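pasted the sequence and its predicted model underneath.
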Amino acid sequence: MAKLYFYYASMNAGKSSTLLQADFNYRERGMRTMLWTAALDTRSEGMIRSRIGLETEAHRFGGGTDLWRSVMEVHAATPIDCVMVDEAQFLTGKQVWQLAKLTDEGGVPVVCYGLRTDFRGELFEGSAALLGIADKLVELKGVCHCGRKATMNLRVDEHGEAVAEGAQTEIGGNDRYLALCRRHFSEALAG
């Protein structure tokens, strides 16, 4: 029975490298995968890239992408063994339900990887929907500078100072975000 999985973590916890390893494992066994990443992330232009140097091409989804239709058109011609979605926090709630339909009606396992919360500690729409309906939730461990588990994503400005306000989504990497435990996140914002 196909299932919908959500692997979530803070920034820099290895979500993309875990996805790429899983993709490799499927392909090594002669199985077909279909990879997706957010079109919103213009840094990678249709690629899933990990900080450790792994990368591969992927389809890009935007807010209006019908994932059910897009996957099923390909799946009908040549069966897909697994769909993997990077940057799943940027999915809409409707798209998460489309992915659930892929597992329930299409029989295709779907594995999503993404952030749970934004720089304010609030859920992203896609993450909230996945936390609500995924069959399996898996937390990947990020590490704070103190050694505790990082669960928060602190946005910083060009001077390394904590940012408490702004748009929910601002694309960036280590230059814009720090993965912190809740204690150090709170201290940085109170700063």
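Everything's here; your move. Numbering: from 1, shown residues only.

quick one: low-confidence ranges for this structure?
Within the chain, the ranges that satisfy pLDDT under 70 run 41-44, 167, 169-175.

make it 50
Of all residues in the chain, none has pLDDT under 50.

and the helices in it?
Secondary structure of the chain (DSSP state H): helices located at 15-28, 67-77, 93-104, 125-133, 182-190.

and these as TSV, adding distance to residue 9?
Heads up, the C-betas are built off the backbone N, CA and C, glycines and all. Output for the helices of the chain, formatted as TSV (distance: least, Cβ to Cβ, whole Å):
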stretch	distance to residue 9
helix 15-28	6
helix 67-77	22
helix 93-104	18
helix 125-133	11
helix 182-190	14
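
can you pull the contacts of the residue nearest the centre of the chain?
Centroid-nearest residue in the chain, with Cα atoms, centre = their mean: residue 114, separated by 2.2 Å. Shown in contact with residue 114 (Cβ atoms under 8 Å, 6 or more residues apart in numbering): 6-8, 15, 85-91, 124, 126-127, 130.

out of those residues, which sit inside strands?
Judged by DSSP state E, strands contain the following of the contacts of residue 114: 6-8, 85.

that older thread, to residue 168, which of the helices of the chain lies closest?
Residue 168 lies closest to helix 125-133 among the helices of the chain, at 9.1 Å (Cβ to Cβ).

ok so, going back, now the residue nearest to the centre of the chain. Nearest residue, chain neighbours left out?
Leaving aside its chain neighbours, residue 114 sits nearest to residue 88 (3.4 Å; criterion: Cβ to Cβ, 6 or more residues apart in numbering).

also residue 157?
residue 163 (5.5 Å).

the one you found contacts residue 153, doesn't it?
No: applying Cβ atoms under 8 Å, one finds residue 163 not in contact with residue 153, separated by 11.0 Å.

in terms of neighbours, single out the busier of those two.
Legend: neighbour count by other Cβ atoms under 10 Å for residue 163 and residue 153, higher for residue 153 (23 against 16).

quick check: the more buried one touching residue 124?
No: with contact defined as Cβ under 8 Å, residue 153 does not reach residue 124; the gap is 10.5 Å.

between the two, what contacts are shared?
With Cβ under 8 Å, 6+ apart as the test, residue 153 and residue 124 both reach 115, 117-118.

who wins for most neighbours among those?
For those, neighbours were counted using other Cβ under 10 Å, and residue 115 has the most, 23 neighbours in all.
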